[in-house]
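**Q** The sequence and its predicted three-dimensional model are supplied below.
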Amino acid sequence: MSNKKVLVIEDDRDVRLGYHVLLKSSGYDTFFAEDGMTAVTEARKQQPDVIILDLGLPAGDGFVVLERLRANTSLSLIPVIVVSGRDIHSSKERALKAGAKAFLQKPWDDRELLTLVRQLAGQSSMSASST
């Protein structure tokens, strides 16, 4: 069985490296997009099992990206974990209403993130098995 794929949409290089080390050591293949413009293109290309999405992005913030993912029929069922350093109250509610499956505040807890990725990757493979 091939590894589950995680697309990380994050503009900070050091944060991307942290995700890569954490996810790769846990058996996930990781792919990256650095801004809102390339995020949806990369998601279409990779068809990941889970997307981790930062809200503060250049060229279209995370809410715009989430809206585009949900509007695209081939991407709309991929679970999205929003991770942000923004105000948790307004951002979390808005992200979940926009279709995110989970919200984590930066800095996140590695175990919590991996638990969410594991749970959501399992859900996406069940929904994708009908395709």
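**A** All right, it came through fine.

**Q** For the protein, name the helix or strand with the lowest mean pLDDT.
**A** Taking mean pLDDT, DSSP states H and E as the measure, the helix or strand of the chain with the lowest value is helix 110-128, at a mean of 81.

**Q** Show me the shaky parts of this protein.
**A** 1-2, 123-131 (pLDDT under 70).

**Q** all strands of it, in order?
**A** Counting by DSSP state E, the chain has strands at residues 5-9, 29-33, 50-54, 80-84, 102-105.

**Q** can you redo the ones you listed as TSV with mean neighbour count and distance to residue 22?
**A** In short, each C-beta sits where N, CA and C put it, glycine included. Output for the strands of the chain, formatted as TSV (neighbours: other CB atoms under 10 Å; distance: least, CB to CB, whole Å):
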stretch	mean neighbour count	distance to residue 22
strand 5-9	25	10
strand 29-33	19	9
strand 50-54	27	10
strand 80-84	24	12
strand 102-105	18	13
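
**Q** Residue 113 is nearest to which of those?
**A** strand 102-105 (6.3 Å; CB to CB).

**Q** So what touches that closest one?
**A** 79, 81-85, 88, 91-92, 95-96, 112-113, 116, 120 (CB atoms under 8 Å, 6 or more residues apart in numbering).

**Q** Top of these by number of neighbours, please.
**A** Among the contacts of strand 102-105, residue 82 has the most neighbours (other CB atoms under 10 Å), with 28 neighbours.

**Q** any idea how far residue 27 is from it?
**A** Distance, residue 82 to residue 27, by CB to CB, to the nearest Å: 23 Å.
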